[in-house]
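Enquirer: The following block contains a protein sequence and its predicted model.
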Amino acid sequence: MKEYWTALASLMGAFAFLQGVLHAVFPAELRAAVARLLGRLTRGLSPYCYFDVTEMDGMSTNEIYDAVQLYLSSTAAPASGARLSLSRPLNASSFTFGLAASDRVSDSFAGAAVTWEHVVAPRQGQGFSWRPLPEEKRRFTLRIRRGDRDKLLPAYLDHILAAAAEIRRRSKDRLLYTNARGGAMDARGLPWDPVPFKHPSTFDTLAMDPARKAAIMADLRDFAGGSAFYERTGRAWKRGYLLYGPPGTGKSSMIAAMANFLGYDVYDLELTEVGSNAELRKLLMKTTSKSIIVIEDIDCSVDLTNRAKPAAAAPAPRPRPGIDGGIEQDGGAGAAARSITLSGLLNFTDGLWSCCGAERIFVFTTNHVEKLDPALLRSGRMDMHIFMSYCTFPALRILLKNYLGIQSDGELDGGAEEAVLRGLEEWVDAAEITPADVSEVLIKNRRSGKAEAMRELLGVLKDRAAGKRRGGAAVAETGKEAGGENEEEEEEKRALESPKEGKETAGIDSCGDGHDEVTEAKKQV
Ligand SMILES: Nc1ncnc2c1ncn2[C@@H]1O[C@H](COP(=O)(O)OP(=O)(O)OP(=O)(O)O)[C@@H](O)[C@H]1O
Ligand SMILES: [Mg+2]
């Protein structure tokens, strides 16, 4: 036994000596070349071929990497002993399984077995870069048999991309992206910050006229399933919606309902954070398909009334980190080139750049549609103009259902409650109350029981209608003093005599078929 240990020790000594000599005699480059050659030889003899899916593709993120990660976490079977990393993004409702570094999972497709390995290596030396890169290099390596290559590629990758898209759509968690960093990119080359989007608004809870709601839902359904139609007609697969109306009528709630209905992510584009048309284009290019790109309060964001000249009166974008990480100063000679113009925005929604992805919806909201440039409202840009009106009786019924659980008249106890409901029907239009205000009253009083809550609401409606009537009379009086009443004011006064006749109609105007005009909120008072 002793001789055995002595022989082993001298063998190891000889090996260490030989290694020292090799290192001294052969330079590092030569040794690396030999290692590469050996690697190539063994790969040449191997029955498998390998494909790397890296996390970063040059300076941008690789969509296939994200898709593979999502697909593997839900479908592939971890090899025995594999380690899965578990994570849950802040506020997300479910866990995400990921493959830990250097672990493998197996999968099969079209009768062929494949293996995925997750390889994580530290990034060596950042080198020169406009922005910091992730500290680790990550990639998935796909191993398939040489004979299966034609059968699997590209069909297997298409399958993974489709499956990942479906998983994303099914998952309850939408993502809400914001561009709070201006155009500055993060380490993965994205100018958008995602947070889980869990807005509970749906078309069921949205208070608006059921016929109009059904029309919007049908339009969205047609859009989402319209891949063949858009291809056949040569149209870009995108659609624009303009939501307009007073504050608190449900414009933002409608956007959330749209996202939840279609299973799309939402990009909330803050125009005041965007310094130039070029930056706007970059933001657009970094949005994914199946998404809703929202610009809220478009009339307040930037001055968009003149196509030709840059936005001189626009709120000045604040100094912010530029794309290359430096601080951009606004003002001076380059300021004009660094502001958003109407034509820049039109290109964003309608120009060639708007087609750099598919299945995207643009939604603009405003409280003052009359302030918008007609060019922005032209058909093809905003295909559907949706007026979000004050609360009507059908909308009020939905709020009564949401907050008090009143589904139908049959649930009301006979005379008294029924009478209050009829009172609500009679006064709701004249009160010109927003669904937000109705919701407030119902939330405040819901603990006192439905009868009491409805009575409170009726009181509020009557007070408001009386307030409007007083306001209207004062206007009429001023008119008289100024030289006589005109016919319109006469009519207004007459209408206020009876609340039922003072009614605001709401309209949806689908302009996709060539109508140019915005449906105005017609006040028939
Ligand atoms: N049509 C509606 N249906 C259901 N709830 C509504 C509706 N409109 C408003 N609400 C309620 O009022 C709140 C405010 O509504 P929302 O933010 O959607 O209004 P908005 O039209 O976007 O207002 P703003 O113009 O000020 O942005 C919502 O959280 C929701 O609870
Ligand atoms: Mg809003």
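Expert: Done, it's in. Ligands and ions are numbered 1, 2, ... in the order given.

Enquirer: what residues does the stretch 351-500 of the chain put near ligand 1?
Expert: With CB under 6 Å from any ligand atom as the criterion, the stretch 351-500 of the chain meets ligand 1 at residues 367, 388, 435-436, 439. No exception for glycine: its C-beta is placed from N, CA and C like everyone else's.

Enquirer: Count the residues that sit near P210.
Expert: When neighbours are counted by other CB atoms under 10 Å, P210 registers 12.

Enquirer: Quickly note the distance from it to ligand 1.
Expert: 12 Å (CB to the nearest ligand atom, to the nearest Å).

Enquirer: And the helices in the stretch 51-200 of the chain?
Expert: With helices called from DSSP state H, counting those that start in this stretch, the stretch 51-200 of the chain shows them at 63-74, 149-152, 155-170.

Enquirer: Helix 155-170 and the first one, what's the angle between them?
Expert: Going by axes from the mean of the first three to the mean of the last three CA atoms, to 10 degrees, helix 63-74 is angled at 70 degrees with respect to helix 155-170.

Enquirer: Average pLDDT for helix 63-74, rounded please.
Expert: Mean pLDDT, helix 63-74: 85.

Enquirer: Same question for the shortest one.
Expert: In this model, helix 149-152 has an average pLDDT of 90.

Enquirer: again with the longest one
Expert: Computed over helix 155-170, the mean pLDDT rounds to 85.

Enquirer: mind checking how far the residue of the chain found nearest ligand 2 is from ligand 1?
Expert: Of all residues in the chain, the one sitting closest to ligand 2 is S252 (3.3 Å; CB to the ion). Distance of S252 to ligand 1, given as CB to the nearest ligand atom: 3 Å.

Enquirer: you'd agree that residue is in a helix?
Expert: Yes - applying DSSP: H, G, I helix; E, B strand; the rest coil, one finds S252 inside a helix.

Enquirer: In space, what's closest to L442 - neighbours in sequence excluded?
Expert: Nearest non-adjacent residue to L442, counting by CB to CB, 6 or more residues apart in numbering: Y403, 3.9 Å away.

Enquirer: Which pLDDT value belongs to the closest residue to E136 other than its chain neighbours?
Expert: Distances taken as CB to CB, 6+ apart place V120 nearest to E136, at 5.3 Å, with adjacent residues excluded. At V120, the pLDDT value in this model is 87.

Enquirer: who's V120 bridged to?
Expert: In this entry, V120 is beta-bridged to R138, by DSSP bridges.

Enquirer: Which stretch among the helices of the stretch 51-200 of the chain is buried most, on average?
Expert: helix 63-74 (a mean of 19; mean count of other CB atoms under 10 Å).

Enquirer: Now do it: everything it contacts.
Expert: Helix 63-74 is contacted from outside by 53-55, 84, 96-99, 105, 107, 116, 138-140, 157, 160-161, 163-165, 167-168, 288, using CB atoms under 8 Å, 6 or more residues apart in numbering.

Enquirer: could you give the mean pLDDT of the helix or strand hosting R281?
Expert: Applying DSSP states H and E as the criterion places R281 in helix 277-285. Mean pLDDT, helix 277-285: 85.

Enquirer: For the stretch 251-400 of the chain, what lies in contact range of ligand 2?
Expert: Neighbours of ligand 2 within the stretch 251-400 of the chain, by CB under 5 Å from the ion: 251-252.

Enquirer: hang on, the earlier thing: the residue nearest to E136: neighbouring residues, count only.
Expert: By other CB under 10 Å, the residues close to V120 number 14.

Enquirer: Pull the contacting residues for N62.
Expert: N62 neighbours (CB under 8 Å, 6+ apart): 53-56.

Enquirer: Recalculate using a threshold of 10 Å.
Expert: 53-56, 68, 139-140, 188-189 (CB atoms under 10 Å, 6 or more residues apart in numbering).

Enquirer: just L421 next, same as before
Expert: Contacts of L421 by CB under 10 Å, 6+ apart are 393, 396-397, 400, 406, 409, 412, 454, 458.
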